[in-house]
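Novice: Return a 3D structure for these sequence lines:
(chains A and B)
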Amino acid sequence: MIRLANVSHDYGGRGLLKGIDLHIAPGAFHFLTGPSGAGKSTLLKLCYGELRPSDGEVELFGQPLAGLSRDALADTRRRIGVIHQDCQFLDHLSLAENVALPFVATGRPVPEADLRELLAWVGLAGQAESLPPTLSGGERQRAALARAVIMSPEVVLADEPTGNVDPEMSQRLLSLLVELNRMGTAVMIATHDLPLIRSAKAMVSARVLRIVDQNLQAAGSDL
Amino acid sequence: MSDAQPRPLRALGGARRTPGFGDPAGIVPATGSAAWLTALISAAMAFLAVFALAMSLSSNQLAQRWSDTLSQSATLRISAPPSELDAQTRAVLEILRTTPGVQSTRVMDEDEQRRLLEPWFGPDLPIETLALPRLIEIAEDPGGFDSVGLRMRLATEAPGAVLDDHTRWRRPLVQAASSLRVLAWFAVALIAVMVGAMITLAAGFSLAANAQVIRVLRLVGARDLFIARVFTRRFTLRAFLGAAAGTLLGIGAFAVLPVAGEAGFFTGLGFQGAGWLTPLIIPPVAALIGWAATRAAAMRVLKRET
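Specialist: Numbering: from 1, shown residues only, chains lettered A, B, ... in the order given. Next comes the predicted model:
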């Protein structure tokens, strides 16, 4: 689905990633780890086309990113659900509106039953009309997950989804992502939350990748 | 929320239609100076456009009126010693009676001449002591008369008579009115350009202020046209409503504007008959300009983004 071949990315004249090869296959579950500033978020952005590689090739669903028109890239992004650490909500819209935004962006009517079901799945049925600033960190992350999956994407990319939540909420979010993976959605989580990775490995067959010296390596047995 | 009978989600148009669903323009926060600035600019420009339109229509009517009035009449002036004045007048009237194209003639009496001179010399002018020429007003047939032939006859049979067919007055007046019309249309065009430029600036400001909205929309898979539409709908509506208010104000101003009497220079300045409907074109045109300006600005900004 998503393939990076010998991808490099420079940031501000400094090489951040170099010679990255990555393949996210259907149904795969990946963790991406590494120290802060190693380039985890950058790698995720390359995977959904927000950033273009300085070198190498990114392929999204069989199409080279470089060859995608602006409209084609927008259509491709509907097949990728993204969860940001800061959630990227529009604070003047209600939670339900934020979650349904990908649907609204397609110009199609929002199916209320599906929206209700999705909000219930992430445990936010009672907060549908709340504004994002009034929600807790965990609620915001679950809402971000709901928005990421409302279009039934084939892959979900999560950037530090448990960065601002307590361990209990981390486990709850992980459970939702694992459940999603069991339904066939590929998942890649960028995190430096090692306990989260360890508990995930007990639930799902996950591959752990670590960014070391600008490159991607499979993590050792310590994880 | 009850599972048995869930309350309709307000966001989906339940209790109250909220932004982001019923109207995609609501995805952009309602607050912001760019929105009301657009409405204000549109209102002010529409108000000015009403005046420019009125000027254009009036100058058209004025040119037509001056042309029609002056082209259907002529004046004949007889300057002669008092002892010969009556004889020359009779001779001239006879010539005119037999001239094809002359519909009627009328000799102006002293009272009429006094009224003509009154604006310059005041009401107490002793006109009988002045050696004033005699004036004959000539009304023409629609086909007019042969002024060259008439002048030749007058030169031989009434040498003191001078024919003025108003050509030298008519041409500059009609030219002036035509120039006024061109200027008025230029003003309308200038106003349209100004509205476009100002809305482009306001839209650019709004786009910059809502960079986060654009970023989120792009991340969730919105195409450029959808994002542009989010902004264009809002600015188009503001431009239309502002222009509608300005147009109504302008029409109202003309409705209460005092005009000079029948014979006044400004008679007909403003709208007449169906002309009152002409300014109603302004709000849709303003909306169209707002739409085009915002769309162009939005597409330009979006193309710069990844």
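
Novice: Okay, now the unreliable bits of chain A?
Specialist: Low-confidence segments of chain A, defined by pLDDT under 70: A:220-223.

Novice: my bad, should have said chain B
Specialist: Looking at chain B by pLDDT under 70, you get B:1-25, B:31-32, B:69-70, B:168, B:259-268, B:306.

Novice: Which neighbouring elements make contact with the strand or helix carrying residue A:198?
Specialist: Element membership for residue A:198, per DSSP states H and E: helix A:194-201. Where contact means 3 or more C-beta pairs under 8 Å, 6 or more residues apart in numbering or on different chains; DSSP states H and E, helix A:194-201 is packed against strand A:29-33, helix A:167-182. Yep, even glycine has a C-beta here, placed from its N, CA and C like the rest.

Novice: Close to chain B: what parts of chain A are there?
Specialist: Proximity of chain A to chain B (C-beta under 8 Å from any C-beta of the partner chain) is limited to residues A:48-52, A:70-71, A:74-78, A:82, A:84, A:88-90, A:92-94, A:96-98, A:100-102, A:104-107, A:110, A:112, A:115-116, A:125-126, A:128-129, A:147, A:151.

Novice: need the contact list for residue A:67.
Specialist: By C-beta atoms under 8 Å, 6 or more residues apart in numbering or on different chains, no residues touch residue A:67.

Novice: Relative to chain B, how far out is it?
Specialist: 15 Å (C-beta to the nearest C-beta, to the nearest Å).

Novice: Now that residue. Its backbone dihedrals?
Specialist: Main-chain torsions, residue A:67, degrees, to the nearest 10: phi -90, psi 0.

Novice: before we move on, the earlier item: give me the next element, helix or strand, following the helix holding residue A:198.
Specialist: Using DSSP H and E, the next helix or strand after helix A:194-201 towards the C-terminus is strand A:207-212.

Novice: how about the CA coordinates for the helix holding residue A:198, as CSV?
Specialist: Output of helix A:194-201 as CSV, limited to C-alpha atoms (Å, rounded to 0.1, in the frame of the first residue of the first chain):
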residue,chain,number,x,y,z
LEU,A,194,8.2,1.6,25.1
PRO,A,195,5.7,0.1,27.6
LEU,A,196,3.0,0.7,25.1
ILE,A,197,5.0,-1.2,22.4
ARG,A,198,5.6,-4.1,24.8
SER,A,199,2.0,-4.5,25.7
ALA,A,200,1.0,-4.3,22.1
LYS,A,201,3.3,-7.1,21.2
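
Novice: Same question for it: list its buried residues.
Specialist: Judged by neighbour count (16 or more other C-beta atoms under 10 Å in any protein chain shown), helix A:194-201 contains these buried residues: A:196, A:197, A:199, A:200.

Novice: Now the two most distant members of the residues you listed.
Specialist: Using C-beta to C-beta, the two most remote members of the buried residues of helix A:194-201 are A:197 and A:199, lying 7.6 Å apart.

Novice: ok so, going back, so which of the residues of chain A next to chain B are in helices?
Specialist: Of the positions in the residues of chain A next to chain B, A:70-71, A:74-77, A:96-98, A:100-102, A:104-105, A:112, A:115-116, A:147 sit in helices, assigned by DSSP state H.

Novice: What's the ChimeraX syntax to select whichever of these are buried?
Specialist: Buried members of these, defined by 16+ other C-beta under 10 Å, are picked up in ChimeraX with:
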select /A:74,76,77,96,97,98,100,101,102,104,105,112,115,116,147
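
Novice: Does the most centrally placed residue in chain A fall in a helix, a strand, or a coil region?
Specialist: Closest residue to the average C-alpha location of chain A: residue A:157 at 1.9 Å, with C-alpha atoms, centre = their mean. When classified by DSSP: H, G, I helix; E, B strand; the rest coil, residue A:157 comes out as strand.
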